[in-house]
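**Student:** Any chance you can model this:
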Amino acid sequence: MTTKRRALVTGGSRGIGAAICKRLARDGFAVIINYRSREDAAATVAEEVRQAGGEATLAAFDVADRAAVQAGLAELSAGDPRPISVIVNNAGIARDAMLPRMEWEQLEAVTRTTLDGFYNVTQPLVMAMVKQRWGRIINISSISAVKGNQGQVNYSAAKAGLLGATRSLAVELAKRKITVNAVTPGLIDTEMIESVPDFVVKQIPARRIGKPEEVAALVGFLASDEAAYITGQVIGINGGWH
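**Tutor:** Residues are numbered from 1 along each chain as shown. As a prediction, the model looks like this:
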């Protein structure tokens, strides 16, 4: 690319998000690393990107806070005239509990981050993609959206909602050469699964936990020109665990 396309990765300071930022930078995108509170971690990712010859910008805002997102996107636009061409909606949180013991706040926090976050970030950026007739929207869902998981009614519902949004938005934008896809990772080596017992890992046909870099490689392909005919898809990366 003569002019680097910009890619915004929400929740990009750690885990899968950090791996995606590094991969997209390696693939030639100017990455925008969004984070809510972990500034040190986000700065470390940015430094690693720059040391590898890439371009990185930090963007601090909570995706669940519409006003904060609007202010953050306005600042990004004012600082760089290039439109954001790739959105990776990766930000997410877990507040696990069995439903009879689940507080409303646990449901609301999870759904607001995933579903409100998707809307708050994506909706303001779509028209710029339409005008340039190129864009990639990649939503990071979860195996919990398709498999279900004990204690994760809120998380599963939020991530499943993201799949419906993916398919509908893909139909709306396909003729504009904008693709919209979802990725559903299984167990990936991040902070979120530190307490997963060994017997669960043994249920995975591949007999191992996935790496964030493996998810990032899939996202990198979906963000590329080569993936132009793939849209409205839900792609699992789970070692054969269904």
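**Student:** what residues are up against Arg207?
**Tutor:** By C-beta atoms under 8 Å, 6 or more residues apart in numbering, the contact set of Arg207 is Val201, Gly239. All C-beta spots, glycine's among them, are computed from the backbone N, C-alpha and C.
**Student:** Show me how far the lowest-mean-pLDDT helix or strand in the chain is from its chain's centre.
**Tutor:** Sorting the helices and strands of the chain by mean pLDDT, DSSP states H and E puts helix 198-201 at the bottom, at a mean of 82. Centroid separation between helix 198-201 and its chain, computed with C-alpha atoms, centre = their mean, to the nearest Å, is 26 Å.
**Student:** Pull the residues that contact that helix.
**Tutor:** Residues outside helix 198-201 that contact it (C-beta under 8 Å, 6+ apart): Leu187, Arg207, Arg208, Ile209.
**Student:** Just give me the residue closest to the centre of this protein.
**Tutor:** The residue lying closest to the centre of the chain (C-alpha atoms, centre = their mean) is Asn90, at 2.0 Å.
**Student:** got a pLDDT number for that one?
**Tutor:** In the prediction, the pLDDT value recorded for Asn90 is 98.
**Student:** Likewise for Asp189?
**Tutor:** In this model, Asp189 is scored at 89, pLDDT.
**Student:** likewise the one 4 residues further on?
**Tutor:** Among the per-residue scores, Ile193 holds a pLDDT of 71.
**Student:** from memory Leu115 sits against Ala160, does it?
**Tutor:** No - Leu115 lies out of contact with Ala160 (C-beta atoms under 8 Å); the separation is 10.0 Å.
**Student:** Select the longest strand from the chain.
**Tutor:** Ranked by number of residues, the top strand in the chain under DSSP state E is strand 178-185.
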